[in-house]
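1. have a look at this fold, sequence not included:
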């Protein structure tokens with residue numbers, strides 16, 4: 001049975017820095033720089049030994065403490081204050097222990113009204129999740145909330161249900177604003193809120209980039225109850241869309257707040273906070289991680305908040321089977337194809353570091369007969385949404401994505417997450433693997449670690465507080481695929497070149513059409529001037545318009 005602990009958080013003393021050992025640094029650099037000379041494979045056992053015997057990470061810059069090679073014990077009791085949280089003093093804190101979920105509790109027991117309880121039943125939400133059990137009663141008391149919860153824990157329901165219940169008591173247009181870091185997450189939240197509020201006629205508007213502003217302005221003119229937006233596009237409408245304002249806003253939600261701030265939306269968020277009312281407004285700030293920027297934002301936007309935390313600082317869900325796979329960088333594609341074959345019949349999300357790499361890898365996998373589709377930031381909004389719908393609808397079972405898909409997206413049938421490129425920020429690992437094992441289901445993740453990723457991998461293990469097991473794989477079976485994979489790579493490179501050539505031709509044609517249009521306009525003006533037709537040009541001195549002939 002879960003229980004809550006209320007505490008006052010006081011700052012701890014700073015930790016004394018420890019310098020990395022030079023001998024260990026030299027050993028790791030020597031073993032990490034294994035080249036491709038001699039045999040086609042380097043000695044995995046030797047490199048594994050280096051990783052798990054080295055007590056510190058080499059060349060770590062600006063670190064408070066060196067990273068141990070052995071895992072730290074997970075603590076599910078009272079959380080201590082970390083460097084990111086030292087200034088977060090005197091905030092009421094609710095921490096839920098990681099005990100078995102109490103299935104006897106229902107949404108009605110939390111104070112949710114019957115009509116919304118029925119909506120939850122229609123969505124097959126049998127019982128509230130941990131974050132919902134603790135956050136909803138606090139929200140219904142009218143308090144501001146800082147919610148810290150792992151991905152897939154039901155954060156959307158935790159803030160949507162209190163908003164809809166308040167809307168029932170006080171029907172009003174432009175009632176709530178929900179800020180998200182990505183377009184895809186905005187559409188997903190809109191779908192969930194409209195599903196929960198279908199019986200009470202809730203109207204939502206999604207305001208994100210990549211879509212015509214005029215269409216969005218028409219939606220905002222109808223004054224929906226809930227606006228779900230990315231910060232940049234919302235500012236565009238607040239500054240340019242006539243008649244649109246948020247002066248009577250009652251609820252502000254910042255979902256994935258840490259990522260909103262990490263994506264350099266701080267200036268936009270500050271502008272939004274200045275144009276919405278402070279008095280009479282409830283604010284919910286939800287995030288998977290607590291950072292110094294979040295603490296700063298909390299002070300600026302929340303009033304006497306309650307912090308609801310459902311786990312130890314950083315950890316992954318219990319039903320997630322996590323593994324690592326040590327491989328040479330030059331054979332990553334071969335190992336990926338083997339893994340897709342070995343686990344065929346399951347659905348995958350493969351995370352890559354760059355848009356170009358994602359596209360090329362998707363083409364290569366398609367050439368080998370897999371049903372794969374890419375998702376990255378260089379795709380148009382329509383193509384991104386189309387890719388998601390195909391993957392959700394199981395028309396494609398492999399989604400190759402950059403970190404645009406790592407946060408917040410609820411894709412229920414993801415069986416395996418593969419970190420093809422290891423994340424440079426350890427916290428991103430939590431969000432990537434959080435795409436699977438959601439809502440109590442089981443899942444699997446495999447992280448590819450090359451000879452160049454040793455330090456990044458150690459940081460991940462240190463963050464999650466445990467040592468991952470090696471994924472068992474037979475090298476001989478993998479290398480049988482090498483020739484086929486190389487041929488598929490060659491075709492993928494050709495296709496990428498053709499796509500790039502098409503883009504260049506398209507840009508040239510567009511420039512040519514623009515030049516031709518400019519020439520026609522210039523000729524038209526000359527003819528009008530010669531014909532004595534008055535043309536209005538600005539008089540810069542007087543600031544008025546004068547007619548020239």
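-> Received it, and whenever you're ready, just let me know what you need. From a predicted model like this one, the values you see are computed outputs, not experimental measurements.

2. how many neighbours does residue 193 have?
-> For residue 193, the neighbour count with other C-beta atoms under 10 Å is 25. Using the backbone N, CA and C atoms, a C-beta is placed for each residue, glycine as well.

3. do residue 467 as well
-> Other residues within reach of residue 467, judged by other C-beta under 10 Å, total 14.

4. what's the answer for residue 503, then?
-> Here the number of neighbours of residue 503 (other C-beta under 10 Å) works out to 10.

5. shouldn't it be within a strand?
-> No. The assignment for residue 503 by DSSP: H, G, I helix; E, B strand; the rest coil gives helix, which leaves it out of any strand.

6. for it, give its distance to residue 378.
-> Applying C-beta to C-beta, to the nearest Å, the value for residue 503 to residue 378 is 10 Å.

7. need the helices for the stretch 101-250 of the chain, in chain order.
-> Using DSSP state H, counting those that start in this stretch, the helices assigned to the stretch 101-250 of the chain run over residues 114-122, 130-140, 155-169, 183-196, 213-221, 231-240.

8. closest one to residue 499 among the ones you listed?
-> For the helices of the stretch 101-250 of the chain, proximity to residue 499 was assessed by C-beta to C-beta; helix 183-196 is nearest, at 22.8 Å.

9. elements contacting that closest one?
-> Using 3 or more C-beta pairs under 8 Å, 6 or more residues apart in numbering; DSSP states H and E as the contact criterion, the secondary-structure elements in contact with helix 183-196 are helix 114-122, helix 155-169, strand 204-207, strand 226-229, helix 381-392.

10. out of those, flag the one nearest residue 413.
-> helix 381-392 (7.9 Å).

11. contacting residues around that closest one?
-> Contacts of helix 381-392 from elsewhere in the structure, counted by C-beta atoms under 8 Å, 6 or more residues apart in numbering, are 183-184, 187, 208-211, 347, 373-375, 379, 396-397, 399, 404-405, 409, 411, 413.

12. how about the very next helix or strand once past it: buried residues?
-> Elements were assigned by DSSP states H and E; along the chain past helix 381-392, the next helix or strand is strand 398-401. Counting neighbours by 16 or more other C-beta atoms under 10 Å, one finds that the buried residues in strand 398-401 are 398-401.

13. hmm, back to that, tell me which of the helices of the stretch 101-250 of the chain sits most buried.
-> Across the helices of the stretch 101-250 of the chain, averaging neighbours per residue (mean count of other C-beta atoms under 10 Å) puts helix 130-140 on top, at a mean of 24.

14. compute the inter-axis angle for that one and helix 114-122.
-> On the basis of axes from the mean of the first three to the mean of the last three C-alpha atoms, to 10 degrees, helix 130-140 is oriented at 170 degrees to helix 114-122.

15. helices or strands up against helix 130-140?
-> With contacts defined as 3+ C-beta pairs under 8 Å, 6+ apart, the secondary structure elements packing on helix 130-140 are strand 145-148, helix 155-169, strand 282-287, strand 306-309.

16. of all those, which lies closest to residue 317?
-> Using C-beta to C-beta, the helices and strands packed on helix 130-140 put helix 155-169 closest to residue 317, at 13.7 Å.

17. would you confirm that residue 254 contacts residue 261?
-> No. The pair residue 254 and residue 261 does not pass the contact test of C-beta atoms under 8 Å, sitting 9.1 Å apart.

18. ok, the two, which is more surrounded?
-> In this view residue 254 and residue 261 are compared by other C-beta under 10 Å, and residue 254 has more residues nearby, 29 against 21.

19. what sits closest to residue 232 if chain neighbours are left out?
-> Closest residue in space to residue 232, ignoring its immediate chain neighbours: residue 268 at 5.6 Å, by C-beta to C-beta, 6 or more residues apart in numbering.

20. now do residue 140
-> Counting by C-beta to C-beta, 6+ apart, the residue nearest residue 140 is residue 111, at 4.8 Å.

21. what is the neighbour count of the one you found?
-> As a burial measure, the neighbour count of residue 111 was computed by other C-beta under 10 Å and equals 14.

22. what sits against it?
-> Counting by C-beta under 8 Å, 6+ apart, residue 111 touches 136-137, 140.

23. wait, which of those residues is closest to residue 284?
-> Out of the contacts of residue 111, the one with the shortest distance to residue 284 is residue 136. That distance is 10.9 Å, counting by C-beta to C-beta.

24. how near is the closest one to residue 113?
-> Using C-beta to C-beta, we find residue 136 at a distance of 12 Å from residue 113.

25. next, residue 275: phi, psi?
-> According to degrees, to the nearest 10, the main-chain angles of residue 275 amount to phi -100, psi 0.

26. does it touch residue 238 like I think?
-> Yes. In this structure, residue 275 sits in contact with residue 238. The criterion is C-beta under 8 Å, and the distance is 6.1 Å.

27. joint contacts of those two?
-> Taking C-beta under 8 Å, 6+ apart as the contact criterion, the common neighbours of residue 275 and residue 238 are 245-246.
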